[in-house]
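> Any chance you can model this:
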Amino acid sequence: MTPMNGMALRTPFEIWKQHHEFVRNYDVEGVVSMFTEDGRVEYPNAGAGMPSYLDGPTAIRAALTPLYEKARKSGRRILRYDSIVVHQTADPSIIVVEFDLIGAANGTEYSLSFIQVCTVKNGRIARLRDYLNPQVSANLQS
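Sure thing, here's the model as predicted:
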């Protein structure tokens, strides 16, 4: 993708990757900066006690800050993302990404599988649908 001035635009996958580097480092402000002002994170499989969506930077920041602080304090780390498969859609601004998050907690490595649908608008994430397993995620939060 090239705009009229000749400078290359970042692809939705490049934007997704940058977002996940912020996630990997538990950088709330970095994550928030990746979203449009009306950006939305959706959790279609949200379990009990989890929001089904977060609208806008304030809600995203409020939800992630305590989670990231708890992860840091517990020593939990995201080591890498593996088995990344990107599916292009008929709309070039939307990708579907399958991946495994490899992390470590209490000296033990773990793997979480994800599917995310990422919609990009003007170089930022407008919508991120995160199909996570709420039972696995709840176990990590405890």
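> any chance you could map the strands in the protein?
35-42, 53-55, 77-88, 94-105, 108-121, 124-131 (DSSP state E).
> which residue sits closest to residue 18, ignoring its sequence neighbours?
Spatial nearest neighbour of residue 18, excluding adjacent residues (Cβ to Cβ, 6 or more residues apart in numbering): residue 34 at 6.6 Å. (Glycine included, C-beta is placed from N, CA and C.)
> Surely the one you found touches residue 12?
No: the pair residue 34 / residue 12 is not scored as a contact, 11.6 Å apart, by Cβ atoms under 8 Å.
> quick one: least confident helix or strand in this protein?
Least confident element among the helices and strands of the chain, by mean pLDDT, DSSP states H and E: helix 134-141 (a mean of 53).
> quick one: contacts for the residue nearest to residue 18?
By Cβ atoms under 8 Å, 6 or more residues apart in numbering, the residues touching residue 34 are 15, 18, 19, 22, 124, 125.
> among those, who's most crowded?
residue 125 (23 neighbours; other Cβ atoms under 10 Å).
> For it, name its beta-bridge partners.
residue 35, residue 120 (DSSP bridges).
> So for it, what's the pLDDT?
According to the prediction, residue 125 has pLDDT 97.
> List the contacts of the nearest residue to residue 30 once chain neighbours are set aside.
In space, and not counting its chain neighbours, residue 30 is closest to residue 22: 3.2 Å by Cβ to Cβ, 6+ apart. By Cβ under 8 Å, 6+ apart, the contact set of residue 22 is 30, 31, 33, 34.
> so what's the closest residue to residue 121 other than its chain neighbours scoring on pLDDT?
The spatially closest residue to residue 121, leaving aside those adjacent along the chain, is residue 36, at 5.7 Å (Cβ to Cβ, 6+ apart). We have a pLDDT of 97 for residue 36.
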